[in-house]
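**Q** following is a predicted model, sequence given first.
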Amino acid sequence: MSGKETKIFDPADGFGPITDLFIATDATVARRANTWWMYLAGKLKDKDGIHLFSASLPEGAPLAAAGWTITPEPDDCGKVALLAGNEISMAWDLKGGRHCPAYVKGWDPHRNAWVERIYYAGGAEHVWGPYTIGYLEWDGSRWVEKPEPVFTANQDWEHGSVYEPNLIYHDGRWKMWYVSGSNQEDYIVQGYAESADGRTNWTKHQIFAVAEEKMFDFFVTKSNEGFEAVFSRVWLGKGAAPANSGLWWCHSKIPSSKISDWSKPVQIMTAEDRGWHSGPWKPSLQYGTDPNRMFVFFDGIYPTQRSGGFPFVFTLGCLEIERPSRDGV
């Protein structure tokens, strides 16, 4: 399938007036009140670890691939405003940083109220993991960190690390798809678990997609006809990525924990090198005013000519594409 691709953030292009930012990636996109928000992870020049921050479109503007502005500090337009500090959570998410944010709104039965959260993977010691999963929660005026993670690996097949959370709240449950394993080991399994409050008494961790599927994300959203998901298949091995690497779309009547309940997937983007990105991952699907036009925000990567340090540059883009037909799928 073909669609329009737009580059949103690339360190080579700079970040407007923001001067203390190296990387902006891992977008989770949500409409809150009358504004489209993007919550991201990235590296700052003067801070250790990986941090979370935001970008937005102008208030009242329709969803678009272009026009995003990174939120600056109130008193310094040259510095990015972090979503939250690490004073409370530093034991589990400071040294390795905060990764792969996922926005979700759901019901907290303990508070008897709707709450907004940004789940993320935290690294206690190293940027490459192992990871646990926790969240920031909106208190009405700011995002507040938590002292401990709410989800940790407890199955042998998880290899001690859980990350890349994607959640929805449905039918009284917080439902989470996540990655377990290790990129460095070329071993990633897509897991699933759910909870009544999104922080305690998670159901037994189960395998949603086996390691051979190379499924790195599974982003679920509600639509007019049930539920849809966009997911990535990644290639962590040597040599060229196989043809099935890239982004895929599928649908289901319910947000099922069984991959067999989801439709046959349709590939919407390959891993072909476009210059500013290849091998896309971390999709975040949203619809604007047209219910048949998908906006799929995604991560990209390209090699850098820098000597020493990390040999790749992370980018962020958006794919605009007509929603695939459900007929015969």
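**A** Right, received. Where do you want to start?
**Q** what bits of the stretch 201-329 of the chain have low per-residue confidence?
**A** 306-310, 327-329 (pLDDT under 70).
**Q** state the number of residues packed around residue 232.
**A** Counted with other C-beta atoms under 10 Å, residues neighbouring residue 232 total 24. Every C-beta, even on glycine, is put in place using the N, C-alpha and C of the backbone.
**Q** each with direction, which strands does whatever helix or strand residue 222 lives in pair with?
**A** With secondary structure defined by DSSP states H and E, residue 222 is part of strand 215-223. Strand 215-223 sits in its sheet next to strand 226-233 (antiparallel), going by DSSP bridges.
**Q** ok now the partner strand, how far from the chain's centre?
**A** Relative to its chain's centre, strand 226-233 lies at 13 Å (C-alpha atoms, centre = their mean, to the nearest Å).
**Q** only the buried residues of the strand holding residue 222, if you could.
**A** Buried residues in strand 215-223, counted by 16 or more other C-beta atoms under 10 Å: 215-221.
**Q** go on, stretch 145-152?
**A** Residues 145-146, 149-152 are the ones in stretch 145-152 that count as buried (16+ other C-beta under 10 Å).
**Q** kindly report the same for stretch 176-187.
**A** Buried, per 16+ other C-beta under 10 Å, within stretch 176-187: 176-182.
**Q** what mean pLDDT would you report for that stretch?
**A** Stretch 176-187 carries an average pLDDT of 93.
**Q** now do the helices in the stretch 101-250 of the chain.
**A** In the stretch 101-250 of the chain, no helices are defined using DSSP state H, counting those that start in this stretch.
**Q** all strands of it, in order?
**A** 113-123, 131-138, 143-144, 162-170, 173-182, 187-195, 206-209, 215-223, 226-233, 246-252 (DSSP state E, counting those that start in this stretch).
**Q** ok, residue 210 - how many residues close by?
**A** A count of neighbours around residue 210, defined by other C-beta under 10 Å, yields 13.
**Q** pLDDT and distance to residue 207 added to the buried residues of stretch 145-152, as JSON lines?
**A** Output for the buried residues of stretch 145-152, formatted as JSON lines (pLDDT from 0 to 100; distance: C-beta to C-beta, whole Å):
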{"residue": "145", "pLDDT": "97", "distance to residue 207": "30"}
{"residue": "146", "pLDDT": "96", "distance to residue 207": "27"}
{"residue": "149", "pLDDT": "98", "distance to residue 207": "21"}
{"residue": "150", "pLDDT": "98", "distance to residue 207": "20"}
{"residue": "151", "pLDDT": "98", "distance to residue 207": "16"}
{"residue": "152", "pLDDT": "98", "distance to residue 207": "17"}
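**Q** greatest separation within these: which pair is it?
**A** Spatially, the most separated pair among the buried residues of stretch 145-152 is 145 and 152, at 16.9 Å (C-beta to C-beta).
**Q** ok, the nearest residue to residue 232 once chain neighbours are set aside to residue 27 distance?
**A** Among residues not flanking residue 232 along the chain, residue 281 sits closest, at 4.0 Å (C-beta to C-beta, 6 or more residues apart in numbering). Separation of residue 281 from residue 27 (C-beta to C-beta, to the nearest Å) stands at 11 Å.
**Q** report the contact partners of residue 117.
**A** Residues near residue 117 by C-beta atoms under 8 Å, 6 or more residues apart in numbering: 103-106, 135-138, 198.
**Q** could you do residue 288 as well?
**A** Contacts of residue 288 (C-beta under 8 Å, 6+ apart): 62-64, 295.
**Q** bridged to residue 4, which residues?
**A** residue 320.
**Q** what's the neighbour count on the residue nearest to residue 232?
**A** 22.
**Q** just the residues contacting stretch 316-327, thanks.
**A** 1-10, 24-27, 40, 65, 225, 228, 247, 249, 251, 263, 266, 268-269, 276-277, 280, 291-300.
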